[in-house]
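Asker: I'll drop the sequence and a predicted model, then ask my questions.
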Amino acid sequence: MPVTPRDFLAMASDAPVSDEMLNRNAVSRAYYSSYLHVNEKVTALNLPLPKVNGGVHARLISGLNNGAYSDLNNGISHDAQLEIAGLLSLSKQLRTKADYKLHMTINNTDKATAIANAKAVFELLP
C-alpha cells in the first residue's frame, strides 16, 4: 500500500513521549515528511534542483534559499521559501543527530521541534 509524506508525519506525531528510540524515529520521520512534501511539489512542476555541492536534500534547501521555486502553489514568496528552507535545514540537523549521533541523546524537545517544523512546512506549502 503506498504512503504519503503526511503518513510520515502521522507516525512521528503518534510516538509515545519518553522512549529514546521512538524519539529518534519520530525526529527522522518528521524531517522526511516535510522533505518529501516539498520535493513532491518541486518535482511535480519539473523545477530543477540547483547545481550546488551536496546531495538532493542540500540542493532542495539551496533552491528554496535562493528563491528558485516561486512557481510553487501558484506563487510563493521568497520569504516563505526562506522560512521553509530554515525549517528543513534545522530538521535535517536534528535528523542527522537522531540517525547518526548515537552518543547524543534525542529528547522530547528534539522530537517536538521536528514535528512542529514539519507541521509548519505543510502549513506554508499546502
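Answerer: On my side now, so go ahead. Residues are numbered from 1 along each chain as shown.

Asker: Quick check: which ranges of the chain have low pLDDT?
Answerer: The model of the chain has pLDDT under 70 over residues 1, 14-18.

Asker: For it, just list every one of the helices.
Answerer: 5-14, 20-44, 56-65, 78-100, 108-124 (DSSP state H).

Asker: tell me the most buried of these?
Answerer: Highest mean neighbour count of the helices of the chain: helix 20-44, a mean of 21 (counted as mean count of other Cβ atoms under 10 Å). Yep, even glycine has a C-beta here, placed from its N, CA and C like the rest.

Asker: between that helix and helix 5-14, what angle do the directions make?
Answerer: Angle of helix 20-44 versus helix 5-14, following axes from the mean of the first three to the mean of the last three Cα atoms, to 10 degrees, is 160 degrees.

Asker: helices and strands around helix 20-44, which ones?
Answerer: Packing partners of helix 20-44 (3 or more Cβ pairs under 8 Å, 6 or more residues apart in numbering; DSSP states H and E): helix 5-14, helix 56-65, helix 78-100, helix 108-124.

Asker: please redo it, this time with the cut-off set to 6 Å
Answerer: Judged by 3 or more Cβ pairs under 6 Å, 6 or more residues apart in numbering; DSSP states H and E, helix 20-44 is in contact with helix 5-14, helix 78-100, helix 108-124.

Asker: could you dump those helices to CSV with distance to residue 64?
Answerer: Output for the helices and strands packed on helix 20-44, formatted as CSV (distance: least, Cβ to Cβ, whole Å):
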stretch, distance to residue 64
helix 5-14, 16
helix 78-100, 4
helix 108-124, 10
